[in-house]
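Undergrad: quick check, what structure comes out for this input:
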Amino acid sequence: MGISLTRAAQWTMVSSSTAKLASTPMNESLLKEILHFVERFSSQHPQEAEHVFEEPLQWNTTLVASDFKTDYDISDSDVQSHERDSEGHPLLQLSPPTVYVRSFSQLSKLLHLADDKKLVEVRACLEGKFESNLHPKQSNHQHSSITHRLNVFVLLVTLYNHPIIQVRLNPKAVKNEVEILQVFCGGGDKGLLKSLRYTSDFEFSNGYRAPLWRQVQGDICYLVIEPCDTETLYITCSTAGSFLNGGEENGYERTSDTYEDLVTLLKSRSPHFAEKINQVEVLIVCLIKKAEVALVYFRKTSAGALPGELFSESSTESEEEEEQPYRHPETNTDLPSEYWQIQKLVRYLKDGDQIVTVDTLCAMMDFNLMQESCQMAIQDTGGLKVLLNLLDTDEHKCKIGSLKILRTISHNSQIRRVIVDMRGVQSIVKILDSPVKELKALAAETIANVAKFRRARRNVRLYGGINKLVSLLDCLPNLASLTPSQEEDIEVACCGALALWSCSRSTKNKKAIRKAGGIPLLGRLLKSPLQKMLIPVVGTLQECASEESYRTDIQTLGMIKDLVRNLSSDNDELQMHCASAIFKCAEDKQTRDLVRKYKGLQPLVSLLHKAGNKQLLAAATGAIWKCSISQENVTKFQEYKALEILVNLLTDQPEEVLVNVVGALGEFAQIPANKAAIREFGGIKPLVKLLTSPNQALLVNVTKAVGACATNKDNMVIIDQLDGIRLVWSLLKNPSADVQSSAAWALCACIENAEDAGETARSLIGGFQLIVKLLSSTNNEVLASICAAICKIAKDEENLAILTDFGVVPSLAKLTNTTHDRLRHHLADAIAQCCMWGSNRASFGEAGAVAPLVRNLKSKEGSVQRSTAMALYQLSRNPNNCITMHEKEVVQPLIHMMGSDDEELQEAAAGCVRSIRLLYMANRNAELFTFRN
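TA: Presented below is the predicted three-dimensional model:
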């Protein structure tokens with residue numbers, strides 16, 4: 001804000017370090033506008049006005065102690081406000097002639113006290129220390145304060161964008177605007193622009209990219225922008241604004257009006273851009289920190305989104321590193337001698353010539369740079385900036401030395417962040433184009449270390465790093481004999497694969513790798529015999545396999561065979577990544593068949609014996625789980641004695657292993673013989689015990705496994721003895737829809753096979769109310785499973801009577817308009833079963849359930865037709881329902897279904913037609929009797 005006002009106002013230099021506001025009409029208008037803004041701030045925005053500045057506003061005031069009244073402690077000539085910040089500092093303090101103000105609230109009060117000297121105080125305030133003052137201070141209530149701090153920023157922007165304050169552009173503002181727009185480039189018609197680039201990559205130390213003789217004219221840089229709907233635009237960004245230029249032939253000639261910023265120009269030239277930028281609801285937030293103003297465009301993702309979330313990568317992984325505050329010893333005595341020695345070397349690095357620089361870099365590498373104190377020494381003395389600057393020189397030796405140090409110290413999470421903050425990623429990415437192979441390898445390794453958090457990964461993509469890293473993979477890795485040049489190519493490819501592995505944790509980067517042609521190259525490298533090559537390659541593939549397009553390519557390009565082959569490697573890490581890749585790819589049946597075809601099932605079972613390596617065990621059990629979805633694979637697993645090993649893994653294992661083990665047992669239990677085997681191996685008790693786990697993914701799998709085992713009578717006896725039915729029923733209260741659905745399906749199996757399920761269900765306090773309440777869920781799978789459970793529960797007449805009292809009939813009737821076939825099937829079954837009690841048939845008719853059921857007969861699903869016909873048959877035993885059915889023309893489709901091969905469908909359709917016919921005949925006979933009489 002301070003810099004913005006500096007540019008907006010008219011100043012006169014009193015000395016080399018002091019400036020005063022000139023006495024001009026422009027400045028007078030500016031002062032009055034600011035005064036008006038501040039005076040209204042406290043009344044219009046009371047919460048924001050209470051926020052404390054990080055540093056106080058301070059200036060020489062004309063006010064004295066006698067001008068202050070209540071709410072202030074007055075001691076001689078000094079004044080302090082009663083209000084204080086969290087550290088006990090007064091929010092207003094007068095030590096003549098200097099006044100210190102820490103909030104807008106106190107600033108407003110002070111101006112009120114100034115009376116006719118208000119403009120004098122505003123002028124003095126602006127001429128005082130203003131740079132970092134308006135940055136709101138962090139509070140302990142960080143979440144609530146963020147909203148108010150944003151409000152303060154937005155209100156400041158309102159003042160900043162007032163017509164009186166016309167801010168001239170500077171290189172920093174232009175660069176920020178360009179970088180933000182680059183985020184939204186690409187993606188076809190979904191993006192704001194196709195592309196945006198500078199005409200020159202060279203940037204002067206003052207931030208300008210225009211030639212020196214054009215900088216005198218105010219030119220900052222030149223851009224080439226490809227909109228999605230118009231021809232390419234050639235744009236000049238100058239201190240006066242942005243305008244179109246003559247393009248490649250007459251690049252400096254202005255050919256359009258001048259616009260206040262780049263966005264406004266693009267809006268006027270590209271309707272697509274104007275429409276899209278309005279859709280994403282761009283918000284300009286003025287962030288003030290260290291006397292620098294950054295105009296940042298935040299895409300509003302959702303109501304209440306916080307600034308740190310707005311630009312986060314679209315990513316499948318959570319943020320890997322939420323960094324701890326930078327730790328620094330409190331006293332110099334805590335620092336080892338290496339700290340001071342490296343500080344001296346950094347000073348030599350700053351001042352030395354080329355030879356001294358190379359020697360200094362070599363000397364620094366003699367230290368243990370993995371030691372935190374050595375890393376701190378480099379960071380504390382500005383060594384990182386020097387190392388990054390060396391990357392922009394033309395001396396290969398300096399670049400190599402710098403990259404070797406950066407490669408090592410970038411293992412430190414704090415240093416990774418500082419490298420990104422200093423725009424070091426851009427410099428490192430540029431080196432990937434170097435003809436020197438050692439430089440490319442070192443740059444790729446450094447990127448692999450730096451790209452461990454989202455912002456770094458995004459920067460690698462924005463600066464074109466993904467395409468360059470993919471190009472490093474182009475080598476021949478499996479030659480029998482290699483020349484020295486080919487060995488260097490392989491080393492570069494290994495480093496490139498490492499970097500892509502780190503970058504592939506972001507969804508957008510996965511797409512960029514695929515678009516750059518990375519999949520075939522990774523497939524070729526997968527045939528390498530070198531483990532140092534295979535680990536990053538397989539690691540990248542297993543990260544990317546979360547995308548369906550990658551899974552298809554891995555299957556079609558024949559990579560499954562290589563993944564299976566490497567399962568037999570003697571390297572645990574490689575085995576883990578191969579198993580993880582199979583785990584993700586085996587969602588597809590063809591992949592499961594290929595794993596069996598290439599004899600990958602037995603190596604997976606053999607990995608279960610490495611129970612000490614939990615990561616490997618989780619990957620192996622995950623692959624077995626997904627492969628066991630195919631019953632042919634389950635048969636093979638039985639030959640390799642996998643079931644007993646899996647049952648033994650049900651105890652004393654981390655949750656990520658248990659989720660996979662239980663998931664596999666649920667698939668194994670689909671074969672009747674395995675249900676008994678699980679009981680014989682002692683698996684029922686630990687499965688029931690896991691029903692109390694808080695892990696939702698585990699609960700989904702364990703309820704499925706318990707439900708599958710419960711179809712065996714002997715298993716059901718044990719489940720009942722262990723109070724398993726109550727535990728399953730209690731999971732219907734779980735907030736997760738997946739858990740609710742899975743528990744309801746398991747409940748169906750338990751009720752159907754328990755000896756006295758009806759009595760057990762009635763003994764559960766609140767159980768029936770919960771079942772009926774869940775019929776108001778918005779999840780179709782939950783509704784379908786609950787309807788199936790009601791069908792089983794309602795087979796007990798007493799239970800059906802209780803359900804009816806709790807309003808099951810109107811709740812079921814409300815669901816009849818659904819178009820979800822699975823729900824239609826089980827809903828019709830539940831309605832048919834509930835018709836068995838009292839006047840429920842008439843109640844369904846009164847609730848409007850009959851007509852939608854008639855429409856459901858048109859479904860192409862045989863199970864829906866059969867269940868609906870049975871429900872209609874039960875409903876047709878009520879005369880009014882028969883009339884509704886006849887009006888909705890149910891007879892013709894029912895007659896057609898009477899010719900079906902499905903006997904249940906035949907009988908239900910015929911029974912329904914018979915009921916309608918009997919009613920018709922009864923009415924006709926009644927009419928004839930009346931006529932005769």
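Undergrad: buried ones in the helix or strand harbouring residue 841, by neighbour count?
TA: Taking DSSP states H and E as the definition, one finds residue 841 inside helix 840-846. Under the neighbour-count criterion of 16 or more other Cβ atoms under 10 Å, helix 840-846 has 840, 841, 842, 843, 844, 845, 846 buried. Bear in mind the C-beta positions are built from the backbone N, C-alpha and C, glycine included.
Undergrad: where does the stretch 201-350 of the chain have low pLDDT?
TA: Low-confidence segments of the stretch 201-350 of the chain, defined by pLDDT under 70: 249-251, 278-334.
Undergrad: show me where it has helices.
TA: For the stretch 201-350 of the chain, the helices defined by DSSP state H, counting those that start in this stretch occupy 212-215, 262-269, 271-279, 307-310, 337-351.
Undergrad: buried deepest among the ones you listed, which one?
TA: helix 262-269 (a mean of 19; mean count of other Cβ atoms under 10 Å).
Undergrad: how far does that one sit from the chain's center?
TA: 31 Å (Cα atoms, centre = their mean, to the nearest Å).
Undergrad: quick one on the thing from earlier: ok, of the buried residues of helix 840-846, which one's closest to residue 210?
TA: The shortest approach to residue 210 among the buried residues of helix 840-846 belongs to residue 844, at 78.6 Å (Cβ to Cβ).
Undergrad: show me where this structure dips below the pLDDT cut-off.
TA: 1-19, 22-27, 129-168, 249-251, 278-334, 478-480, 926-933.
Undergrad: could you pick out the longest helix of it?
TA: helix 903-932 (DSSP state H).
Undergrad: isn't residue 447 up against residue 428?
TA: Yes: using Cβ atoms under 8 Å, residue 447 is in contact with residue 428, at 5.9 Å.
Undergrad: got a list of what residue 613 touches?
TA: Neighbouring residues of residue 613 by Cβ atoms under 8 Å, 6 or more residues apart in numbering: 572, 576.
Undergrad: if we can go back for a sec, reformat the helices of the stretch 201-350 of the chain as JSON lines; add distance to residue 612.
TA: As requested, these are exported to JSON lines (distance: least, Cβ to Cβ, whole Å):
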{"stretch": "helix 212-215", "distance to residue 612": "65"}
{"stretch": "helix 262-269", "distance to residue 612": "58"}
{"stretch": "helix 271-279", "distance to residue 612": "53"}
{"stretch": "helix 307-310", "distance to residue 612": "39"}
{"stretch": "helix 337-351", "distance to residue 612": "37"}
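Undergrad: which among these is found nearest to residue 917?
TA: Closest approach to residue 917 among these (Cβ to Cβ): helix 271-279, 59.7 Å.
Undergrad: same for the closest one, what does it pack against?
TA: Here helix 271-279 touches helix 262-269, going by 3 or more Cβ pairs under 8 Å, 6 or more residues apart in numbering; DSSP states H and E.
Undergrad: again, only using 6 Å
TA: Applying 3 or more Cβ pairs under 6 Å, 6 or more residues apart in numbering; DSSP states H and E, one finds that helix 271-279 makes contact with no other helix or strand.
Undergrad: I'd like the distance between the closest residue in space to residue 565 that isn't next to it in sequence and residue 580.
TA: Spatial nearest neighbour of residue 565, chain neighbours left out: residue 598 (7.6 Å); criterion: Cβ to Cβ, 6 or more residues apart in numbering. Counting by Cβ to Cβ, to the nearest Å, the gap from residue 598 to residue 580 is 17 Å.
Undergrad: neighbour-wise, which of the two wins?
TA: Set residue 598 next to residue 580 and count neighbours by other Cβ atoms under 10 Å: residue 580 wins out with 24 against 17.
Undergrad: run through who's touching the strand or helix carrying the more buried one.
TA: In the assignment (DSSP H and E), residue 580 maps to helix 572-585. Applying Cβ atoms under 6 Å, 6 or more residues apart in numbering, the contact partners of helix 572-585 are 531, 534-535, 538-539, 541-542, 545-546, 551, 554, 563, 566-567, 569, 591, 613, 615-616, 619-620, 622-623, 626.
Undergrad: those in helices, which ones?
TA: Counting by DSSP H, those contribute 531, 534-535, 538-539, 541-542, 551, 554, 563, 566, 591, 615-616, 619-620, 622-623, 626 to helices.
Undergrad: and the helices of the stretch 201-350 of the chain: which comes nearest residue 773?
TA: helix 307-310 (34.1 Å).
Undergrad: who's in contact with the helix or strand containing residue 673?
TA: Assessed by DSSP H and E, residue 673 sits inside helix 672-680. Among residues not part of helix 672-680, those counted as contacts by Cβ under 6 Å, 6+ apart are 643, 668, 669, 709, 712, 715.
Undergrad: got a winner among those for most neighbours?
TA: Among the contacts of helix 672-680, the one with the most neighbours (other Cβ under 10 Å) is residue 709, at 31 neighbours.
Undergrad: could you export the buried residues of helix 840-846 as TSV, including distance to residue 885?
TA: Below are these laid out as TSV (distance: Cβ to Cβ, whole Å):
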residue	distance to residue 885
840	17
841	12
842	14
843	16
844	12
845	10
846	15
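Undergrad: which one of these sits closest to residue 277?
TA: Using Cβ to Cβ, residue 844 comes nearest to residue 277 of the buried residues of helix 840-846, at 53.4 Å.
Undergrad: give me every residue that touches that closest one.
TA: So residue 844 contacts 809, 813, 875 (Cβ under 6 Å, 6+ apart).
Undergrad: quick one: the strands in the protein?
TA: 11-13, 19-21, 52-60, 72-75, 78-81, 92-95, 98-103, 193-198, 219-227, 233-238, 241-246, 250-254, 282-289, 292-299 (DSSP state E).
Undergrad: the fifth one pairs with which strands?
TA: If I follow you right, that is strand 78-81. Counting by DSSP bridges, the strands paired with strand 78-81 are strand 72-75 (antiparallel), strand 92-95 (antiparallel).
Undergrad: out of these, deepest packed?
TA: strand 92-95 (a mean of 20).
Undergrad: give me the contacts around that one.
TA: Contacts of strand 92-95 (Cβ under 6 Å, 6+ apart): 78, 79, 80, 81, 100, 101, 106.
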